[in-house]
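Asker: build me a model from this:
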Amino acid sequence: MKSVKQLYSNVIGLLRTKLSRVQFIMVIATLTGFVSGLLAVLLKTIVHYLQHWIKEIPVTRFAYLLFPAIGLIITVFIIRHFFKGQIEKGIAMVLKAIARRSSFIPLNHTYLHVITSSITVGLGGSVGLEAPIVATGAAAGSNLSRISDLNYQERTLLIACGAAAGIAAVFNAPIAGVIFAIEVLLAETVVSYFIPLIIASVAGVLCSKIILHENFLFNFVLKQTFDYKNVPYYILLGIMAGFVSLYYARTFKATEKRIHQWKMNSYFKAAIGGLLLLAVYFVLPPLFGEGYGSVKLVADGSLNTFADNTTLFTRLGQHWGIIAFTALIFLFKPIVAGITIGSGGNGGNFAPSLFSGAYMGFFFSKLINSMPWIKIPIGNFSLVGMAGVLSGVMYCPLTAIFLIAEITNGYELFIPLMIVSSISFFIVKSYEPFSMETKKLALEGQIFTQKKEKNILTSIQIDDMLQDTYDSIAIDKKLKQLVEIIKRSEKNIFAVTDRNEKFAGIIELNDIKQKLFQPELFDTITVKSMMKKPAAVLLHDQDMHSVMEQFDITQSWYLPVLDKDKKFIGFISKTKLFNKYREILASQGDLYEAE
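Answerer: Numbers count the residues shown, from 1 in each chain. Here you go, the predicted structure:
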């Protein structure tokens, strides 16, 4: 391992001497794209063969329903014994790393998501691989940039390159990969970012095209062209997609939270979750696993029969039975996804939202076509429905538009895709400003949003601003002892502590200047009589947004920082904070600026 790292370092050192900064970044972006693409191909291949193996097992008809529980138990075992019982998952982990960890992602994220999500999904968990692929690709980009000695801005770009390549590889959609990285991961983007993102995305797509068979890839052939007369129905579909997206997000989070809060052994919880999945899968078989196979049937408009294990739907007749069946499919998808994640599985909501959207579009078109005077294309509405729900659940309307356009090998549906995705996104944003995966972190100030000033403050850590070289003095001391401290200090503000060494107040040099020239007072005046309360007190775990607010409110230049036990740690200087702010602002330049 050390020899490989040394070889890589030698190659990187050579490239740095031969290439310009921009050329060097392009090389690392290409390498990131290939690594991320290969990891995405590996993950898809493992899942494909696991599911193929399950189908080939010569046992009873319903034996496959036991595998989701097995997958959840194995995933929990791996997480507990190899990853200390807990892992950060998906897109939220990547966004937090960018905002709070200087774009550093631990090396184990390059393989832990591949292992855990392939088992969860491959054995029947009803979640997707895209979020694990994004996390894996981002980790690859972060670690390649780290050992290549790139700065924070460049590491963030390489994280986005890894994610773009992963999405591009899994869907054979390079444009969608680039748009996803810009729309979801990069809160602020400059034009020069596009070239390395495109290079990485193309590298990822080449991996999937060269290695994967055509039946591995998620693509469709349109059977009918766009008809402008169907625009009113697409508008209705967009409205429905918006409210279905809201339903999906809230149902998923409620289900996941409820199961996650169960106070029981993690293995037992996984087994119970697997049994719940078994019950739902028995009634609604398409919910097993990712479900992309059944999505192809729906998007082709060829879902004419289905496995009715309960015979309940058959009693409604062929037409209404399919309508009722597909309605329950997209209504139960967030529930089974929540059960899978809450029970200990690893996966994301990218694929489930596409799945729900396809079945919603099928349901909508079938329902509309029940009227004898209306005939709309079922396949087209299923495909556009996928974009609508993906847009509303993941808050990525542009990604949804370009993804469906690319997997249908053309832009015939571009107009309805734009209509449905934008309406769905508008409805969801009217109710929830942040997506379900990022809402908690966004409200806590843990990730970047679209507000530049807040993003800069989020990236500043209080430890970096803390000046801990300030002296403190006990409250029961005299002016004489304070004078001795002042003689050897270059500071003009001092902290005062009580008998329990807890913070009591401050003394500013300007306030006691006159007393310093009255030696007769040195043994009579106490520190307590000279002390005053600060305009505000900061806590060590306080976020930088509230720190800046305290400076604005108090108009102070220095504020004390305390730990959780109310003990003095140091001071924060407004001047140092402003300088750091300007430094970060200046670093967010174009890649093509002079080196």
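
Asker: looking at this protein, which helix or strand is least sure?
Answerer: helix 452-459 (a mean of 64; mean pLDDT, DSSP states H and E).

Asker: return the set of buried residues in the next helix-or-strand element following it.
Answerer: Next along the chain after helix 452-459, taking DSSP states H and E as the criterion, comes helix 462-465. For helix 462-465, a neighbour-count test (16 or more other CB atoms under 10 Å) marks Ile462, Met465 as buried. C-beta: built from backbone N, CA, C; applies to glycine.

Asker: what does stretch 512-531 give?
Answerer: Quick answer for stretch 512-531 (16+ other CB under 10 Å): Ile512, Phe522, Ile525, Val527, Met530, Met531.

Asker: sketch out the helices for the stretch 201-350 of the chain, chain order is fine.
Answerer: Counting by DSSP state H, counting those that start in this stretch, the stretch 201-350 of the chain has helices at residues 231-260, 266-283, 292-299, 318-342, 350-368.

Asker: would you turn the ones you listed into TSV with mean neighbour count, distance to Gln550 and mean pLDDT?
Answerer: Putting the helices of the stretch 201-350 of the chain into TSV (neighbours: other CB atoms under 10 Å; distance: least, CB to CB, whole Å; pLDDT from 0 to 100) gives the following:
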stretch	mean neighbour count	distance to Gln550	mean pLDDT
helix 231-260	20	33	95
helix 266-283	19	41	93
helix 292-299	21	51	84
helix 318-342	22	38	93
helix 350-368	28	40	94
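
Asker: wait, which of these is closest to Ile70?
Answerer: helix 266-283 (7.1 Å; CB to CB).

Asker: reformat the buried residues of stretch 512-531 as CSV; add distance to Tyr558, pLDDT and secondary structure.
Answerer: CSV is the format used below for those (distance: CB to CB, whole Å; pLDDT from 0 to 100; DSSP: H, G, I helix; E, B strand; the rest coil):
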residue, distance to Tyr558, pLDDT, secondary structure
Ile512, 16, 83, helix
Phe522, 26, 78, coil
Ile525, 23, 84, coil
Val527, 18, 82, helix
Met530, 17, 87, helix
Met531, 15, 85, coil
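
Asker: between those, which sits nearest Lys89?
Answerer: When these are compared against Lys89 (criterion: CB to CB), the nearest one is Met531, at 49.1 Å.

Asker: that closest one against Gly505, yeah?
Answerer: Yes: in this structure, Met531 is within contact of Gly505 by CB atoms under 8 Å, at 4.1 Å.

Asker: quick check: neighbours shared by those two?
Answerer: Common contacts of Met531 and Gly505, defined by CB atoms under 8 Å, 6 or more residues apart in numbering, comprise Ile475, Val496.

Asker: list the buried residues in the longest helix belonging to the chain.
Answerer: Counting by DSSP state H, the longest helix found in the chain is helix 21-56. Neighbour-count burial for helix 21-56, counted by 16+ other CB under 10 Å, picks out 24-44, 46-48, 50-51, 54.

Asker: per-domain residue ranges of the chain.
Answerer: The chain breaks down into these domains under automatic domain parsing: 2-216, 228-455, 460-587.

Asker: Leu222 is nearest to which of the ones you listed?
Answerer: Closest among those, using CB to CB: domain 228-455, at 5.4 Å.

Asker: off-centre distance for the closest one?
Answerer: When distances are taken as CA atoms, centre = their mean, to the nearest Å, domain 228-455 is centred 19 Å away from the chain's centroid.

Asker: how about stretch 27-38?
Answerer: 20 Å.

Asker: tell me which residues are up against it.
Answerer: With contact meaning CB under 8 Å, 6+ apart, stretch 27-38 is reached by 15, 19, 133, 136-137, 140-141, 144-145, 148, 150, 157-158, 161-166, 168-169, 196-197, 199-208, 211.

Asker: which members of the residues you listed are positioned in helices?
Answerer: Short answer: these in helices (DSSP H) are 15, 133, 136-137, 140-141, 144-145, 157-158, 161-166, 168-169, 196-197, 199-208, 211.

Asker: PyMOL command to pick out the buried ones of those?
Answerer: In PyMOL, this line selects whichever of the ones in helices among the contacts of stretch 27-38 come out buried by 16+ other CB under 10 Å:
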select buried, resi 133+136+137+140+141+144+145+157+158+161+162+163+164+165+166+168+169+196+197+199+200+201+202+203+204+205+206+207+208
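
Asker: and the following helix or strand past the longest helix of the chain, what other elements does it pack with?
Answerer: Per DSSP H and E, helix 21-56 leads on to helix 67-82 as the next helix or strand towards the C-terminus. Helix 67-82 sits against helix 112-122, helix 266-283, with contacts defined as 3 or more CB pairs under 8 Å, 6 or more residues apart in numbering; DSSP states H and E.

Asker: any buried residues in helix 67-82, and which?
Answerer: Neighbour-count burial for helix 67-82 [16+ other CB under 10 Å]: Phe67, Pro68, Ala69, Gly71, Leu72, Ile73, Ile74, Thr75, Val76, Ile78, Ile79.

Asker: hey, where'd the helices end up in the stretch 351-500 of the chain?
Answerer: 378-394, 397-407, 414-431, 439-443, 452-459, 462-465, 479-487.

Asker: got those as CSV, with distance to Met544 columns?
Answerer: What follows is the helices of the stretch 351-500 of the chain, written out as CSV (distance: least, CB to CB, whole Å):
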stretch, distance to Met544
helix 378-394, 28
helix 397-407, 30
helix 414-431, 26
helix 439-443, 15
helix 452-459, 4
helix 462-465, 7
helix 479-487, 30
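
Asker: most tightly packed of those?
Answerer: Highest mean neighbour count among those (mean count of other CB atoms under 10 Å): helix 378-394, with a mean of 31.

Asker: if I take it and helix 397-407, what angle do their directions form?
Answerer: Relative orientation of helix 378-394 versus helix 397-407 (axes from the mean of the first three to the mean of the last three CA atoms, to 10 degrees): 150 degrees.

Asker: what is helix 378-394 packed up against?
Answerer: Using 3+ CB pairs under 8 Å, 6+ apart: helix 378-394 touches helix 231-260, helix 292-299, helix 350-368, helix 397-407, helix 414-431.

Asker: which one of the ones you listed lies closest to Ile569?
Answerer: Here helix 231-260 is closest among the helices and strands packed on helix 378-394 (CB to CB), at 34.5 Å.

Asker: which strands or helices does the closest one pack on?
Answerer: Short answer (3+ CB pairs under 8 Å, 6+ apart): helix 231-260 packs on helix 318-342, helix 350-368, helix 378-394, helix 414-431.

Asker: which element is the residue nearest to the spatial centre of the chain on?
Answerer: Centroid-nearest residue in the chain: Ile91, 1.8 Å away (criterion: CA atoms, centre = their mean). Assigned by DSSP H and E, Ile91 belongs to helix 90-100.

Asker: so what does that helix touch, helix or strand wise?
Answerer: helix 130-147, helix 152-171, helix 439-443, helix 452-459.

Asker: let's have those in CSV, adding distance to Lys253.
Answerer: As requested, the helices and strands packed on helix 90-100 are exported to CSV (distance: least, CB to CB, whole Å):
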stretch, distance to Lys253
helix 130-147, 15
helix 152-171, 23
helix 439-443, 9
helix 452-459, 23
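
Asker: thinking again about what came up before, so the longest helix of the chain versus helix 152-171, what angle?
Answerer: Going by the same axes, to 10 degrees, helix 21-56 makes 30 degrees with helix 152-171.
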